[in-house]
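S.K.: Dropping the sequence and predicted coords here.
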Amino acid sequence: MVKANNDAGQAKCYATLIVKPASDRHAMKMRLIESCHSVQTNVVEGGAAPEISRSFRDLHVRPGEPCTMEVVITGKPPPKVSKLSIAALADRTATR
């Protein structure tokens, strides 16, 4: 999950990661099912609520290789962005 806040509002993007073998037997395919939304909570002169302008994309990686998933977030003033990694989300779920 990625969350962005500024004085004008907030945006959130959630993704569910599905990992399965790809057609190349030495690769894994990562499929993301996502949900992104933005909400303007205040009117700020010259401002804009955060918006996810490019969200997560599918990846092909070899087993054991690291990968990075990126999003592009815009807003005025520049939003404060926080993120939770897959491991952090798993830890939070396990402790509930």
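M.R.: Done, it's in.
S.K.: pLDDT score assigned to Val71?
M.R.: Reading off the confidence values, Val71 has pLDDT 83.
S.K.: now do Asn42
M.R.: Asn42 is assigned 89 on the pLDDT scale.
S.K.: Surely it is in a helix?
M.R.: No - assessed by DSSP: H, G, I helix; E, B strand; the rest coil, Asn42 does not belong to a helix; its assignment is coil.
S.K.: Contacts only, for it.
M.R.: Asn42 makes contacts with 7-9, as judged by CB atoms under 8 Å, 6 or more residues apart in numbering. The way it works is simple: take the backbone N, C-alpha and C, and place the C-beta from them, glycine included.
S.K.: May I have the phi/psi pair for it?
M.R.: Backbone dihedrals for Asn42, given as degrees, to the nearest 10, come out at phi -140, psi 150.
S.K.: ok, now Gly75?
M.R.: Dihedral pair for Gly75: phi 170, psi 160, per degrees, to the nearest 10.
S.K.: and it, what does it touch?
M.R.: Shown in contact with Gly75 (CB under 8 Å, 6+ apart): 4, 6, 8-9, 11, 47-51.
S.K.: coming back round to it: closest to Val19 out of the contacts of Asn42?
M.R.: Distance to Val19 across the contacts of Asn42 (CB to CB) is lowest for Gly9, with 33.2 Å.
S.K.: Contact partners for that closest one?
M.R.: 38-42, 49-50, 75.
S.K.: same thing with Val43?
M.R.: Shown in contact with Val43 (CB under 8 Å, 6+ apart): Ala8.
S.K.: Give me the buried stretch members for the host helix or strand of His60, please.
M.R.: Using DSSP states H and E, His60 sits within strand 59-61. Residues Leu59 are the ones in strand 59-61 that count as buried (16 or more other CB atoms under 10 Å).
S.K.: and if you look at stretch 71-85?
M.R.: Using 16+ other CB under 10 Å as the burial criterion, the residues of stretch 71-85 that qualify are 71, 73-75, 79.
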